[in-house]
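>>> Please find the sequence and the predicted model below.
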Amino acid sequence: MTKEHFTSSVRLAGVSFACAILFARPASAQLTQGIALFEQSCGSCHEHPDAASRAPDRLALSQRTPEAILDAITTGTMKDNAARLSDAQKRILAEQLTGHPLGASQLGQASAMKNHCDAKPFGDPAGSPTWSGWGVDPGNSRYQPASGGLTADRVPKLTLKWAFAFPNGSSAFAQPAVAGGRIFVGSDNGFVYSLDAATGCVYWSFQAQASVRTAVSVDRRAVYFGDLKGNVYALDAGTGSIIWTKRADAHPFARITGAPTLADGRLYVPVASLEEGAGANPNYECCTFRGALVVYEATTGAEIWKSYTIPAAAKPLKKNSVGKQLWGPAGAAIWSSPTVDTRRGAVYVGTGNSYTDPSADTSDSVMAFDLRTGALLWVHQVLAADAYVVGCGPAAAGRDNCPATMGPDFDFGTSPILRTLPDGKRVLVVGQKAGIEWALDPDQRGAVLWQRKVGRGSALGGIEWGAAADNDLAYVPVADAQFGPDAAGAFYALKLATGDQVWESHPSTANCSNPRGCVASRSAAVSVIPGVVFSGTTDGMMRAYATSDGRVLWEYNTAHDFETVNGVPGRGGSINGPGPVVAGGMLYTNSGYAYLGTGTAGNVLLAFGVD
């Protein structure tokens, strides 16, 4: 294959990935082999993916680490698709697709960085500014009342204090935690770091068995998180040494994306999967995964109980055209952090779509489990028969691994938020990818209090990662990037008691330096302090809004290069997934998210403060 023939055959949206690779490193027989391997084994899904498939295109794949690609095609989601490749071919594919050699991630060790912190004991989180876990409290409100002096009148004075870069990172997708004067944050290379909250110097690093995209939960002695192979970890907060580790689920596609919730000495761990990414392959026996909630004793890691979102294991249904056994029901993954209600003695989770026909009657639901025993208390399903498998879009019509009727993939990807209203009544608010914000009654078995349609919704649209709520209002971000710049990025303030709209905001302009498209989608979670709500968009902008009327108080463009405190090249990109964290008068945000074919890669954690 000549360079000219290859270049013309793989042009992606006007950007020639071939030229980027060919001129970045010398042409070689190995490069040609890597290109051929991609075309033969991956191209049918990843060369020109449609929106329904959600498969990342070649450019998006090139922004990942070679370890992440190799993991996906050896033990991960794409294992069956790459079954015909030898180990050597898989390594060639991973290296040539990403443009980096395997082993480069060893640069992620703290010992390989400059700017080490002077050794000192880990401080008591109870006596210092704290943001632990996903939502700062067990109710996942994302409301920080103790903002440490970062008030509405001081927010316009925020300036960048330091930037930390994740070595060889391409998706800064793990939300930091703040406790004891330190920051704890994971990375797509599988490293978890302990940094100084004021200066960004590094105390220690720990390498997990896979990428870490969960937020970190912290108590007086330990930090807790999960990885994308379904492992759960407890580390000594002061040294990073391992205390215990468990595998939350034995399914080969199990993963943990939602942050474990720490409450009253117990760790509540949600289990999701990417089995729906393999399900369309006729050589795969689709599908057997079912979402789960696993509870551990935080000190020892002893399992207390485990409950599944689909009570019964999948059963054999039929065989497909190549003789592979098909199973069901499956799916109903838990993508987000569980919400703990000690008053009711319940823990609440939102579930994802089904993978099979028949669909599970607990998919696209909010579920309540008994805190003590794990017994199911109630289920509120908002959409039935949402069976969805990646790669089963219109082009896959007739594939016998695919659901007979494809659903819209309207998951609950957000954590339920539990709030008490001024009159003492309680409300559970949760956003859906359908673009609907729901308010349920936690004291009446999830009865609907109100619902508000705020977005058009799609498999990657609607409400993606989560709202925030103070004592009176819910602040709801809308993605909807697929519908263009005019529809994307809406932001709403709704009354918690009624769902009535208080204000609406849209990005005035998009940051069009984003090479992945001039669209300011609001997919990331938002966070609120008294008087101010913070929200980032996929064009790399972080903004602060007045909670009273939605006025922009401050903004900062994160999509550029940074000089970093650890001496690693750093660049910001899309803000997606985790939301900003506020503690001790500082604002912390990730920048750079390249996933599922969307967004601009980046690798930085940014810290802002007021002089």
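Received, thanks.

>>> okay, CA-based contacts and neighbour counts for the rest of this
OK.

>>> and residue 261, what does it touch?
When the contact criterion is Cα atoms under 8 Å, 6 or more residues apart in numbering, the partners of residue 261 are 133, 134, 138, 217, 267, 268, 269, 337, 338, 339, 340.

>>> Just send those residues back as a markdown table, with pLDDT, secondary structure and neighbour count too.
As requested, the contacts of residue 261 are arranged in a markdown table below (pLDDT from 0 to 100; DSSP: H, G, I helix; E, B strand; the rest coil; neighbours: other Cα atoms under 10 Å):
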| residue | pLDDT | secondary structure | neighbour count |
| --- | --- | --- | --- |
| 133 | 98 | coil | 28 |
| 134 | 98 | coil | 32 |
| 138 | 96 | coil | 23 |
| 217 | 98 | strand | 26 |
| 267 | 98 | strand | 25 |
| 268 | 98 | strand | 25 |
| 269 | 98 | strand | 28 |
| 337 | 98 | coil | 31 |
| 338 | 98 | coil | 31 |
| 339 | 98 | strand | 29 |
| 340 | 98 | strand | 27 |
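
>>> pLDDT weak spots in the stretch 351-500 of the chain?
Within the stretch 351-500 of the chain, the ranges that satisfy pLDDT under 70 run 394-398.

>>> coming back round to it: just give me the closest of the contacts of residue 261 to residue 503.
Nearest to residue 503, judged by Cα to Cα, of these is residue 134 at 25.5 Å.

>>> how close does that closest one sit to residue 92?
37 Å (Cα to Cα, to the nearest Å).

>>> Repeat that for residue 388.
32 Å.

>>> Next: residue 593.
25 Å.

>>> neighbour count winner among those two?
The neighbour comparison of residue 593 against residue 92 (other Cα atoms under 10 Å) goes to residue 593, with 28 against 21.

>>> Show me which parts of stretch 67-86 are buried, residue by residue.
Going by neighbour count (16 or more other Cα atoms under 10 Å), the buried part of stretch 67-86 is 67-74, 76-82, 85.

>>> Filter the residues you listed down to the ones in helices?
Residues of these located in helices (DSSP state H): 67, 68, 69, 70, 71, 72, 73, 74.

>>> out of those residues, which one sits closest to residue 538?
Nearest member of these to residue 538, counting by Cα to Cα, is residue 68, at 22.3 Å.

>>> List the contacts of that closest one.
189, 211.

>>> Quick check: it vs residue 249, distance?
20 Å.

>>> Distance from stretch 145-162 to the middle of the chain?
On the basis of Cα atoms, centre = their mean, to the nearest Å, stretch 145-162 sits 26 Å off its chain's mean C-alpha point.

>>> would CSV of the contacts of residue 261 with distance to residue 410 be doable?
Formatted as CSV, the contacts of residue 261 follow (distance: Cα to Cα, whole Å):
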residue, distance to residue 410
133, 25
134, 22
138, 25
217, 28
267, 28
268, 24
269, 22
337, 18
338, 19
339, 20
340, 24
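
>>> which of these lies closest to residue 320?
Among these, and counting by Cα to Cα, the member closest to residue 320 is residue 269, at 34.4 Å.

>>> can you list the weak-confidence ranges in the stretch 51-200 of the chain?
51-55, 57-60, 62-63, 96, 98-101, 103-105.

>>> mind listing the strands in it by residue range?
159-165, 177-179, 182-186, 191-196 (DSSP state E, counting those that start in this stretch).

>>> Taking strand 159-165 as reference, get the angle to the last one.
An angle of 150 degrees separates the directions of strand 191-196 and strand 159-165 when computed by axes from the mean of the first three to the mean of the last three Cα atoms, to 10 degrees.

>>> just checking, next helix/strand downstream of strand 191-196?
strand 202-207 (DSSP states H and E).

>>> For that following strand, give me every contacting residue.
109-110, 115-119, 190-196, 239-241, 566.

>>> Mind giving me the ChimeraX select for those residues, buried ones only?
Typed into ChimeraX, the line below selects the buried ones among the contacts of strand 202-207, using 16+ other Cα under 10 Å:
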select :109,110,115,116,190,191,192,193,194,195,196,239,240,566
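
>>> quick one, what contacts the closest residue in space to residue 606 that isn't next to it in sequence?
Leaving out its chain neighbours, the residue that sits closest to residue 606 by Cα to Cα, 6 or more residues apart in numbering is residue 163, at 4.6 Å. By Cα under 8 Å, 6+ apart, the contact list for residue 163 reads 200, 562, 563, 564, 565, 570, 604, 605, 606, 607.

>>> Residue 163 and residue 197, how far apart?
From residue 163 to residue 197 the distance is 11 Å (Cα to Cα).

>>> where along this protein do the helices fall?
Taking DSSP H as the criterion, the chain carries its helices at 3-9, 17-24, 29-41, 43-46, 58-62, 66-74, 87-98, 275-278.

>>> circling back to that earlier point, could you dump the ones in helices among the buried residues of stretch 67-86 to a markdown table with distance to residue 359?
Shown next, in a markdown table, are those (distance: Cα to Cα, whole Å):
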| residue | distance to residue 359 |
| --- | --- |
| 67 | 34 |
| 68 | 31 |
| 69 | 31 |
| 70 | 32 |
| 71 | 30 |
| 72 | 27 |
| 73 | 28 |
| 74 | 29 |
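
>>> With respect to residue 576, which of these is nearest?
residue 68 (19.2 Å).

>>> now the closest one: how far from residue 229?
11 Å.

>>> Check residue 508 too.
For residue 508 relative to residue 229 (Cα to Cα), the value is 40 Å.

>>> if I pick the residue lying closest to residue 545 once chain neighbours are set aside, what's in contact with it?
Among residues not flanking residue 545 along the chain, residue 552 sits closest, at 4.5 Å (Cα to Cα, 6+ apart). Going by Cα under 8 Å, 6+ apart, residue 552 touches 543, 544, 545, 546.

>>> Many thanks, have a good one.
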